[in-house]
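Novice: Fold the following and give me the result.
(2 chains)
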Amino acid sequence: MKFQAPKGTHDILPGEVERWQWLEERTRGVMALYGYREVRSPIFESTDLFVRSVGESTDIVRKELYTFQDRKGRSLTLRPEGTAPLVRAFLENAPLREDSQARLYYMGPMFRYERPQAGRYRQFWQIGAELLGSARPEADAEMIDLFRAVLHDVGLEEVTVLLNSLGDATCRPAYREAIRAYFKQHEGKLCGDCKERLATNPLRILDCKVPSCAPVIAGAPSVLDSLCPECAEHFEAVKRALTGLGIRYEIAPRLVRGLDYYTRTVFEIHAAGLGAQSAVGGGGRYDQLVKDFGGPDTPAIGFSIGMERLLLSIGADAAPAAPQADVVVIALKPEAGIEAQALARTLRGQQEAPERRSPLRVLTDVAGRSANSQMKWASKMGAKWAVFVPKGEDGYAVRDMAAGKDEQRQPSIEELRSWLLKRREPVESAR
RNA sequence: GUGGAUGUAGCUCAAUGGUAGAGCACUGGACUGUGGCUCCAGUGGUUGCGGGUUCGAUCCCCGUCAUCCACCCCA
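Specialist: All right, here's what the predicted structure looks like:
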């Protein structure tokens, strides 16, 4: 074959796409319940937007961006995450700032140049929500509650919420130096990657999974012990709020996220069945980002969920093939093809006024197959009825496919249509 | 960027150093206007791609591309 989908991308086909549509509908429903409104931002942005927000030393910026130049030489990048674009949109569009607490969400593809594996793709989909304008712990709690609500709505209950605080501009630099000094002392016992991190991003060492690093990490000072009083109080208040909402969590002092803009609260939610990539999503507070972008002082918090991972964790059982048609019009003779097509068109009722419309999904063969084959096909399409043309002397023959019996003939098209509509079952949404 | 496994019909898989087979699917038929079961027949593959070894490779070697898994990191 000449062409194939680019590495790390994939097509979502009928049979699978129904699960996506279902997830999207459920998510929109939950977002609406919490009063969040959707923002659809561009899929590419100025490269600087990501470099300056996500951070120059992060892996995402250093080696995972899809960056290109347009015809005027501007450097653009396919978005690797959704928060920075949304903050940009927030600052660019005054209507988003009307409410002192803006509740926004997005849903769409993100792009990162990485080696694909289970639950990881170069184009992947995220659902994200952002709450801008509140520094209060209630905002943190609402975010995590909303995250859980989305998972709950699609049936994912068995999850672990990991919670940590990274401090703020007051206490983090000191902690960063403390940890650098500590690991410097034990540099000899660290793995090669961690030796590099010592220079680039010492906090990341805390997250290392190499067994030989474990003892050194275990002895490292904890972020939580070095929080300034304000950050410590905020963290305590967030924990109290979560408890108040009945949300269980685990404190994860070594949870460090891969984007530089986070301050104070960070969290991840993990689920089973995802292979090595067990996080269905994560997020955190970013109190400085809006200001860094030149906007007003606007504390904010957000999260993102990986849609592939979410679908993976709630089970890959393919949805039963949804019926594709209610009615199949069968041409008994090859010459009846056009008559079949015309009847199908009328039965669909698409020409009717919208308020009178109750369309039947109607298919008819265009491959010129035998009546026998058309019947087999009608079964496969899940049709409830087969209607035969040409019309007989006493009307249209109708067969109930499930019962396997022929119904009374319908003298005219109008009677045939109302007969079918009367017996039509409501279309069930794919699950 | 690193490591391991894999790559044969639409799908799931088999086979042998001598120019590939099954099941399912698909098409037609056995069924006197009409399906689901059963049966019969048929379509369909330059064995991922490119080189090399060999009289000859799908099976051996090298490269490459892709997929899967793991590392890194994250969704």
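
Novice: Relative to A:A149, how far out is A:R240?
Specialist: Separation of A:R240 from A:A149 (CB to CB, to the nearest Å): 20 Å. Using the backbone N, CA and C atoms, a C-beta is placed for each residue, glycine as well.

Novice: between the two, who's got more neighbours?
Specialist: Shown here are A:R240 and A:A149; by other CB atoms under 10 Å, A:A149 has more neighbours (16 against 12).

Novice: hey, where'd the helices end up in the stretch 201-350 of chain A?
Specialist: Using DSSP state H, counting those that start in this stretch, the helices of the stretch 201-350 of chain A run over A:214-218, A:229-244, A:289-292, A:307-313, A:337-348.

Novice: OK, now which residue of the stretch 251-400 of chain A is nearest to RNA strand B?
Specialist: As assessed by CB to the nearest atom of the strand, RNA strand B sits closest to A:G258 within the stretch 251-400 of chain A, at 1.4 Å.

Novice: Do stretch A:133-147 and RNA strand B come into contact?
Specialist: No: if you take CB under 7 Å from any atom of the strand as the test, stretch A:133-147 misses RNA strand B, and the best it gets is 10.3 Å.

Novice: What of stretch A:187-207?
Specialist: Yes: for stretch A:187-207, a contact with RNA strand B is found by CB under 7 Å from any atom of the strand, at A:193, A:197, A:204, A:207.

Novice: Just the terminal-to-terminal distance for that stretch.
Specialist: 16 Å (CA to CA, to the nearest Å).

Novice: mind listing what's buried in it?
Specialist: Neighbour-count burial for stretch A:187-207 flags A:190-191, A:194, A:197-198, A:201-207 (criterion: 16 or more other CB atoms under 10 Å).

Novice: Likewise for stretch A:113-127?
Specialist: A:114, A:119-127.

Novice: tell me the contacts of A:F183?
Specialist: Shown in contact with A:F183 (CB atoms under 8 Å, 6 or more residues apart in numbering): A:190, A:194, A:198, A:202, A:205, A:216, A:220.

Novice: swap the cut-off to 6 Å and go again
Specialist: A:198, A:202, A:205 (CB atoms under 6 Å, 6 or more residues apart in numbering).

Novice: where does it fall, phi/psi-wise?
Specialist: Dihedral pair for A:F183: phi -70, psi -30, per degrees, to the nearest 10.

Novice: State the distance from it to A:Y262.
Specialist: Distance from A:F183 to A:Y262, by CB to CB: 21 Å.

Novice: quick one, strands of the stretch 201-350 of chain A?
Specialist: In the stretch 201-350 of chain A, the strands defined using DSSP state E, counting those that start in this stretch lie at A:250-251, A:263-271, A:279-285, A:300-306, A:327-331.

Novice: could you dump the helix or strand hosting A:L421 to CSV, C-alpha only?
Specialist: Element membership for A:L421, per DSSP states H and E: helix A:413-423. C-alpha atoms of helix A:413-423 as CSV (Å, rounded to 0.1, in the frame of the first residue of the first chain):
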residue,chain,number,x,y,z
ILE,A,413,-46.8,4.8,-0.4
GLU,A,414,-48.5,7.1,2.1
GLU,A,415,-50.1,4.2,3.9
LEU,A,416,-46.9,2.2,3.8
ARG,A,417,-45.0,5.1,5.4
SER,A,418,-47.5,5.8,8.2
TRP,A,419,-47.7,2.0,8.8
LEU,A,420,-43.9,1.9,9.2
LEU,A,421,-43.7,5.1,11.3
LYS,A,422,-46.3,3.8,13.7
ARG,A,423,-44.1,0.8,14.4
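
Novice: chain center to it: distance?
Specialist: With CA atoms, centre = their mean, to the nearest Å as the basis, helix A:413-423 stands 41 Å off its chain's centre.

Novice: Likewise for stretch A:123-131?
Specialist: 6 Å.

Novice: and what of stretch A:231-248?
Specialist: Taking CA atoms, centre = their mean, the mean C-alpha location of stretch A:231-248 is offset from the chain mean by 27 Å.

Novice: what residues does it touch?
Specialist: A:137-138, A:140-141, A:145, A:165, A:167-168, A:171, A:249, A:264-265.

Novice: Show me which positions of it end up buried.
Specialist: For stretch A:231-248, using 16+ other CB under 10 Å, the buried residues are A:231-232, A:234-235, A:238-239, A:241-242, A:247.

Novice: again with stretch A:97-104
Specialist: A:97, A:102-104.

Novice: Among those residues, give me the pair with the biggest separation.
Specialist: Farthest apart among the buried residues of stretch A:97-104 by CB to CB are A:R97 and A:R103. That separation is 12.4 Å.

Novice: Could you give the number of residues near A:T67?
Specialist: 14.

Novice: neighbours around the nearest residue to it once chain neighbours are set aside, how many?
Specialist: Of all residues not flanking A:T67 in the chain, A:T77 sits nearest, at 4.6 Å (CB to CB, 6 or more residues apart in numbering). Residues near A:T77, counting by other CB under 10 Å, number 19.

Novice: where's A:T77 relative to A:K391, distance?
Specialist: When distance is defined by CB to CB, A:T77 is 62 Å away from A:K391.

Novice: Could you tell me which residues of the stretch 51-200 of chain A lie near RNA strand B?
Specialist: A:58-60, A:81, A:112, A:114-122, A:124, A:126, A:193, A:197.

Novice: go with 10 Å
Specialist: A:54-55, A:58-60, A:62-64, A:80-83, A:110-128, A:191-194, A:196-197, A:200 (CB under 10 Å from any atom of the strand).

Novice: quick one: least confident of the buried residues of stretch A:113-127?
Specialist: When the buried residues of stretch A:113-127 are sorted by pLDDT, the bottom entry is A:G119 at 88.

Novice: thought that residue was touching A:M307?
Specialist: No: assessed by CB atoms under 6 Å, A:G119 is found out of contact with A:M307, at 10.6 Å.
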